[in-house]
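Pasting the sequence and the predicted coordinates here, then a few questions.
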Amino acid sequence: MSIFTIDAVRKAFTYGEVKEEILKGVNLTLLEGEVTALVGASGSGKSTLLTIAAGLQPASEGKVVFEGENISNMKSEQIRKIRATKFGFVFQFAHLVPFLTVEEQLMLMLEVSQSNLPKHEQKEEVDDILKLVEMEHRRKAYPSSLSGGEKQRVAIARAIIHKPKVLFADEPTASLDSKRSTDVMMLIRNITKSMNITTLLVTHDEEMLTFADRIIKMSDGQILQSAV
Ligand SMILES: Nc1ncnc2c1ncn2[C@@H]1O[C@H](COP(=O)(O)OP(=O)(O)OP(=O)(O)O)[C@@H](O)[C@H]1O
Ligand SMILES: [Mg+2]
């Protein structure tokens, strides 16, 4: 079942007098339980498309339909709520809060997304997710004492602890070596399948494409081909 549709999305930026179209009418349907990988040259518009899909910036034209609603013209408070409760995000760097332990990072995310959940249930969620990402032995650690791969596993835990419907991952392995990248991608793929998440992954790394169900190629603001 499809739950996420990008429909005729265009995005233009104006540089002084010059208006440049960065996305030139993009159509894309994302499927539940699938990793859709977006590839293409630097500057082709991948991150712009991902941020528009996630409601982080508006499209100039077109629609982004999530669970039957057009999120591209929602009020900012409404879209903020969807982002906090239904979407998860992973980026190139983990962006962990330096003065919080691993478990505190996760508790904070639950506080933001599910503040009515009783404390003991929050603890259980944290336990479960730390097991899933194999980081329970480092729950009391601060980010400065974690390796790059471990930090990224915590960032993934934080992105999915509130059980999002959609996971947006922009170059999640770009700062990792080949072995850690494979581990992180295996984790993203397993989570996508086991939690039935809709995952949109942007990557430069050809090796990571083996973990995708679908590969979408972008060039100069357009989708070139889609290998279904
Ligand atoms: N907020 C903005 N204002 C003006 N121009 C922007 C803005 N965001 C992106 N662009 C431009 O849009 C184009 C596409 O950028 P985007 O970040 O989507 O590319 P990308 O495919 O993700 O590239 P990379 O692989 O290098 O991350 C670039 O030329 C960029 O400079
Ligand atoms: Mg990018």
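It's in. Ligands and ions are numbered 1, 2, ... in the order given.

Helices of this protein, residue ranges please.
46-53, 76-86, 102-113, 119-132, 148-160, 178-194 (DSSP state H).

Spell out whether the first one and ligand 1 are in contact.
Pointing back at helix 46-53 there. Yes. Residues of helix 46-53 contacting ligand 1 under C-beta under 6 Å from any ligand atom: K46, S47, T48. Yep, even glycine has a C-beta here, placed from its N, CA and C like the rest.

ranking those residues by neighbours, who comes first?
Highest neighbour count within those: K46, with 23 neighbours (other C-beta atoms under 10 Å).

Could you verify my assumption that that residue touches V202?
Yes. With contact defined as C-beta atoms under 8 Å, K46 and V202 form a contacting pair (4.6 Å).

Roughly how far does L38 sit from L176?
19 Å (C-beta to C-beta, to the nearest Å).

Show me which of these two is the more surrounded one.
Ranked by neighbour count (other C-beta under 10 Å), L38 and L176 place L38 first, with 25 against 20.

can you tell me which residues contact that one?
L38 sits next to K46, L49, L50, L200, L201, V202, T203, I216, M218 when contact means C-beta atoms under 8 Å, 6 or more residues apart in numbering.

who does it bridge with?
V202, I216 (DSSP bridges).

Identify the residue nearest S175 in space, chain neighbours excluded?
Q92 (5.4 Å; C-beta to C-beta, 6 or more residues apart in numbering).

I'd guessed that neighbour sits against A169; true?
No. Q92 is beyond contact range of A169, at 9.5 Å (criterion: C-beta under 8 Å).

Show me which residues of this protein sit near ligand 1.
F13, I22, G40, S42, G43, S44, G45, K46, S47, T48.

Any figure for the gap between L132 and H120?
19 Å.

Looking at those two now, which is surrounded by more residues?
Comparing L132 with H120 by other C-beta under 10 Å, the one with more neighbours is L132, at 19 against 8.

Now do the same contact list for the residue minimising distance to the centre of the chain.
By C-alpha atoms, centre = their mean, the mean C-alpha position of the chain lies nearest to F168, the distance being 1.6 Å. Neighbour list for F168: L50, A53, A54, F87, G88, F89, V90, T199, L200 [criterion: C-beta under 8 Å, 6+ apart].
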